[in-house]
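Engineer: Quick one, structure for this:
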Amino acid sequence: MCERRSQTRVREDSVPAGPCAYGRSWRAMVSGLAALALLGTAGLAGAAPVDLFVAAGTAVVPPGAGAILTFQVGNLGASSTSAIQLTVATAPYVNFDRAVPLPAGCQFLYQNPDRVVSEIVACTLSGLATGERQSVALAMTVDGLAPVGQITGLATVLPVMGSADLDTDLANNNVSSSFIVGRSTRTSGRTNLALSGDMPALGGTLSSSQVFEVTNNGPDVTAGPSVLAFRTAPFVNVDQSRPLPAGCQMLYVNPNPGVPELVLCVIPAGMASGTVRQFRIPIALVPGGPIGPTIGGAALRVDDASGDADPDRADNFFGSTTMVLAPLASAIPPVAGVPLPAVAPPASPVAVPASTPFHASAPPSICTCPPARQSSCRAARGRRC
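Structural biologist: Below is the predicted model:
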């Protein structure tokens, strides 16, 4: 966010310098640190090298529909692996389909039907020989208010706890999983929230902050509380040594670098048009990750129960990117067998203020024209009669 707008701001704290402060030296700095990190991998010479990767399919669906996403994991390394862990976090406006059982070896780590809060499933898979692949199919549903366009979740694969495997290339251990929503359910409203953020940098033992800005482009004042949900990137956790901003709480904590952590922030009712609310989430680098960008996610929604409706929901998302400049010194060579803590799912979803969590009803027709003009309406994708 190198540009600043003239708007009313409600600041939680100051904005960090971010990538804009580095100017043209940004790429040179990253390249130099990457070269230094490679020197530290010399200790891998005596280890059995594995190279896990994960790929994900894409589904094209209308709002309110379901689909099965297939995730493929494989081993490109010179040695066979022991058991591995695939972790999948849903995209905003997507939930796991409760009507379809999870595959064998998979379990919920976190469940919450709210449309902007990610759900998390972990699957333990058997070892892979060199060149071998396995597939996992997970059934998901898309919320009835999902906007047109692409919405993305995250899948990550790592060795299970206790494994002696050393992954020689962690840059291909996570992938975005996508739904492409072909049409949107229309809502009539005059509350227009938008979400933006910065790109913090992490390196060495430093922590940083992920800054989000929520803007009400109006013209109406919000009648109820709005919600911002944040999902951390791989090898980035919430920094528990520093407090969260006012109005924010942890929804899910897991120190495993392949499992995202979740934060929920509530914006009180009465947010006027032109107001910008800022949240600075403290984050910290987890040992063992690759150098370069690592991507989390954030999403925003208004409060349906209070009568708020956001007709432009396409700007309610932000792919929060953290630039990792260097691994922690203790993480060269990469850590082996990252443990997966035994985290029992909650008996019921964590309460999210004033939410209407899932809109499963069939979306109405996008055309509201007279019957004689329906064809031209469809040709214009509902934008005019």
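Engineer: Now V324: phi and psi?
Structural biologist: Torsion angles at V324 (phi, psi; degrees, to the nearest 10) stand at phi -90, psi 110.
Engineer: For L262, see how far away it is.
Structural biologist: The gap separating V324 from L262 is 20 Å, by CB to CB, to the nearest Å. Just so you know, the C-beta spots here come from the backbone N, C-alpha and C atoms, and that holds for glycine as well.
Engineer: Just the mean pLDDT for stretch 100-118, thanks.
Structural biologist: The pLDDT scores in stretch 100-118 average 95.
Engineer: repeat for stretch 165-183
Structural biologist: Taken as a whole, stretch 165-183 has an average pLDDT of 87.
Engineer: As a check, name the ranges of all strands in the stretch 201-350 of the chain.
Structural biologist: 201-202, 207-216, 226-231, 236-238, 248-252, 262-267, 275-285, 292-295, 297-301, 317-318, 321-324 (DSSP state E, counting those that start in this stretch).
Engineer: among those, which is nearest P49?
Structural biologist: strand 292-295 (20.3 Å; CB to CB).
Engineer: partners of the closest one, with directions?
Structural biologist: strand 321-324 (antiparallel) (DSSP bridges).
Engineer: Show me which helix or strand of this protein is least confident by mean pLDDT.
Structural biologist: Ranked by mean pLDDT, DSSP states H and E, the weakest helix or strand in the chain is helix 25-39, scoring a mean of 35.
Engineer: Can you name the element that comes right after it?
Structural biologist: Using DSSP states H and E, the helix or strand that follows helix 25-39 towards the C-terminus is strand 49-50.
Engineer: And the contacts of the helix or strand containing N95?
Structural biologist: In this assignment (DSSP H and E), N95 forms part of strand 94-96. With contact meaning CB atoms under 8 Å, 6 or more residues apart in numbering, strand 94-96 is reached by 90, 102, 108, 111, 113, 115, 119, 121, 138-143, 146, 151, 153, 179, 358.
Engineer: if we go to 6 Å?
Structural biologist: With contacts defined as CB atoms under 6 Å, 6 or more residues apart in numbering, strand 94-96 is touched by P113, E119, M140, T141, V142, F179.
Engineer: Tell me which of those residues fall in strands.
Structural biologist: Among those, the residues falling in strands (DSSP state E) are M140, T141, V142, F179.
Engineer: tell me the two of those residues that are most distant?
Structural biologist: Spanning the widest gap among the ones in strands among the contacts of strand 94-96 are T141 and F179, at 10.0 Å by CB to CB.
Engineer: if you count what's nearby, which of these two comes out ahead?
Structural biologist: Between T141 and F179, counted using other CB atoms under 10 Å, the more crowded position is F179 (25 against 22).
Engineer: right, and T152 touches S178 too?
Structural biologist: Yes. With contact defined as CB atoms under 6 Å, T152 reaches S178; the gap is 5.0 Å.
Engineer: which of the two has more neighbours?
Structural biologist: More neighbours surround T152 than the other of T152 and S178, with 20 against 17 (other CB under 10 Å).
Engineer: Please, which helix or strand holds that one?
Structural biologist: Assigned by DSSP H and E, T152 belongs to strand 149-159.
Engineer: If you count neighbours, what's buried in that strand?
Structural biologist: Buried residues in strand 149-159, counted by 16 or more other CB atoms under 10 Å: I151, T152, G153, L154, A155, T156, V157, L158, P159.
Engineer: just to revisit the earlier point, quick check: buried residues in the helix or strand just after the strand holding N95?
Structural biologist: Remark: after strand 94-96, the chain's next helix or strand is strand 106-110, criterion DSSP H and E. Applying a neighbour-count criterion of 16+ other CB under 10 Å, one finds C106, L109, Y110 buried in strand 106-110.
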